[in-house]
Each structure stands twice: as C-alpha cells, then as structure tokens.
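Chemist: Here is a sequence together with a model predicted from it:
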Amino acid sequence: MPGRDVGYDQIAGALALVLLAVGLSVWRRLDLEGEILVAAARAFVQLTALGFAIKLIFDADSLLWVVALLAVMVLF
C-alpha cells in the first residue's frame, strides 16, 4: 500500500478551520484565541512526531527493533 502524503491544500484547509475558530472567538468575545492557537500548534507538533515514529517503525527491517520501538511507545 503506497504512503499517503498530506498536501499543502489539506494543511491550508485545516489552518482555515483554526482561523475560523479564532475568528468566532473574537466575534463572540470569548477570549480563547491564544488557547486555540497554542492547541493547534501542539497538535501539529504531536502529530508530526507521531508520523515520524510510525514511519520509523514501518521502515524498520528488524523485528527486535520494531518490538523495542513499540514497547517505548506503549510505556511513554
């Protein structure tokens, strides 16, 4: 099964939804803009790190290495 890459248009769509949430927060005077932006940044970093970890696991040729990586992911 070939890998699926996330395109710039998909990233732009996700960022548009984040900006929509920020805009609604400003419009409704909820004062959540900072929290929304921090949450979006954290999600981006966490999903990027998870993607690299999963790629590392699937690209590994050694069963022992795969089991060790999975054990680290489960423990942490």
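Modeler: Okay, I see it.
Chemist: and residue 70, what is it in contact with?
Modeler: If a contact means Cβ atoms under 8 Å, 6 or more residues apart in numbering, then residue 70 has residue 57 as its contacts. Quick note: C-beta positions are derived from backbone N, CA and C, even for glycine.
Chemist: Show me what counts as buried in the helix or strand harbouring it.
Modeler: Assigned by DSSP states H and E, residue 70 falls within helix 63-75. Within helix 63-75, the residues that qualify as buried are residue 69, counting by 16 or more other Cβ atoms under 10 Å.
Chemist: what's the distance between residue 74 and residue 5?
Modeler: Distance of residue 74 to residue 5, given as Cβ to Cβ, to the nearest Å: 27 Å.
Chemist: and residue 5, helix, strand or coil?
Modeler: Secondary structure, DSSP: H, G, I helix; E, B strand; the rest coil: residue 5 is coil.
Chemist: and it, how many neighbours does it have?
Modeler: Using other Cβ atoms under 10 Å, residue 5 has 6 neighbouring residues.
Chemist: how far off helix 63-75 does the lengthiest helix in the chain point, in degrees?
Modeler: Using DSSP state H, we find that the single longest helix of the chain is helix 33-59. If you take axes from the mean of the first three to the mean of the last three Cα atoms, to 10 degrees, helix 33-59 sits at 160 degrees to helix 63-75.
Chemist: Identify each buried residue in helix 33-59, please.
Modeler: 36, 40.
Chemist: That one packs against which elements?
Modeler: Where contact means 3 or more Cβ pairs under 8 Å, 6 or more residues apart in numbering; DSSP states H and E, helix 33-59 is packed against helix 8-27, helix 63-75.
Chemist: Quickly note the distance from residue 46 to residue 52.
Modeler: 11 Å.
Chemist: again with residue 15
Modeler: For residue 15, the distance to residue 52 - Cβ to Cβ - is 21 Å.
Chemist: shaky segments in the protein?
Modeler: Counting by pLDDT under 70, the chain contains low-confidence residues at 1-3.
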